[in-house]
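[1] Pasting the sequence and the predicted coordinates here, then a few questions.
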Amino acid sequence: MGHLRGGMRCIKFLLFAFNFVFWLAGLAVVAFGLWLRFGGVLGDLTSEEKSPEYFYMGLYVLVGAGALMMTVGFFGCCGAVRESQCLLGAFFACLLVIFAAEVTAGVFAFIGKKAAVQEVQTIYKEAYDDYVMDVGKSNKTLIQFHTVLQCCGKESEIQVKPTCPEGIQMPKNCLDEIQNLINSNLQLVGIVGIGIAGITQHGVRLEMPTSAFEMHQYKDWCLQKPSLLVYL
């Protein structure tokens with residue numbers, strides 16, 4: 001009987017450990033999403049009134065899922081410590097929601113690259129054409145793109161040379177640089193989204209074993225780890 005009680009305590013420990021790691025993962029997802037939105041190169045490019053809302057949709061889903069992960073991770077820890085079936089059941093339901101949200105963000109990031117790139121390129125083209133039509137007019141958006149991406153113009157920098165960064169030796173095509181930037185960042189969003197979805201799937205299996213056989217597997221694993229039982 002003592003070993004059986006120790007096995008159940010071990011399962012309780014595993015649930016708590018997973019929920020704590022899940023909370024940390026949620027914190028990391030929120031930080032990553034906010035950094036992409038407000039910090040780094042993209043944050044510098046989108047401080048103007050015009051911003052790539054299509055690109056932000058995936059980030060909003062990602063940040064929302066991360067915040068939900070932190071919340072349910074906290075309640076999951078409480079449920080494991082208090083052995084509350086109600087809290088663990090609510091945690092299980094939220095895991096399914098998080099799984100769907102993360103898969104959505106990941107898939108959106110991978111299939112929405114073209115639309116996001118075109119949206120940001122359109123913002124640049126509008127600023128470019130506006131400057132060419134009135135050279136004497138100040139254009140902060142165009143200067144911001146050139147400074148952040150260290151590029152100048154589209155096919156040629158001649159028409160917009162006054163807005164190019166000082167000391168730039170070989171001006172790059174800004175449309176190409178925008179495409180490279182969006183593709184790399186959306187790829188990161190997709191990887192993070194799909195990766196967290198995979199972790200969530202394992203969490204569902206851990207929180208709610210689908211059969212009595214799986215529960216016995218957890219117990220057997222714990223009973224084979226006497227070092228854990230010493231501390232439990």
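    Arrived safely, thanks for sending.

[2] which residue ranges form the helices in this structure?
    Using DSSP state H, the helices of the chain run over 2-38, 40-45, 53-82, 85-111, 113-133, 140-149, 174-207, 212-223, 226-231.

[3] Run through the neighbouring helices and strands of the third one.
    Applying 3 or more CB pairs under 8 Å, 6 or more residues apart in numbering; DSSP states H and E, we find helix 53-82 packed against helix 2-38, helix 85-111, helix 113-133, helix 174-207. For glycine as for every other residue, the C-beta is placed from the backbone atoms N, C-alpha and C.

[4] Also compute the angle for that helix relative to helix 2-38, please.
    Angle, helix 53-82 to helix 2-38, by axes from the mean of the first three to the mean of the last three CA atoms, to 10 degrees: 160 degrees.

[5] Buried ones in helix 53-82, by neighbour count?
    55-59, 61-66, 68-70, 72-77, 79-80 (16 or more other CB atoms under 10 Å).

[6] same deal with the fifth one?
    For helix 113-133, the neighbour count (16+ other CB under 10 Å) marks K113, A116, V117, Q118, E119, V120, Q121, I123, Y124, A127, Y128, Y131 as buried.

[7] A67 versus the second one, what's the distance?
    The one in question is A116. When distance is defined by CB to CB, to the nearest Å, A116 is 23 Å away from A67.

[8] Kindly report the same for the fifth one.
    As defined by CB to CB, E119 lies at a distance of 25 Å from A67.

[9] quick one on the thing from earlier: would you single out the least confident of the helices of the chain?
    Least confidently modelled of the helices of the chain is helix 226-231, at a mean of 41 by mean pLDDT.

[10] circling back: with distance to Q144 as extra columns, can I get the helices and strands packed on helix 53-82 in CSV?
    Below are those laid out as CSV (distance: least, CB to CB, whole Å):
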stretch, distance to Q144
helix 2-38, 15
helix 85-111, 24
helix 113-133, 9
helix 174-207, 11
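
[11] among those helices, which is nearest V148?
    Nearest to V148 among those is helix 174-207; the distance by CB to CB comes to 9.0 Å.

[12] If you compare the directions of the closest one and helix 53-82, what angle comes out?
    20 degrees.

[13] what angle separates helix 174-207 from helix 140-149?
    If you take the same axes, to 10 degrees, helix 174-207 sits at 70 degrees to helix 140-149.

[14] who touches the residue nearest to G26 when sequence neighbours are not counted in this structure?
    The shortest distance from G26 to any non-neighbouring residue, by CB to CB, 6 or more residues apart in numbering, is to M69 (2.8 Å). Contact analysis of M69 by CB atoms under 8 Å, 6 or more residues apart in numbering lists F22, W23, A25, G26, V29, I98, I196.
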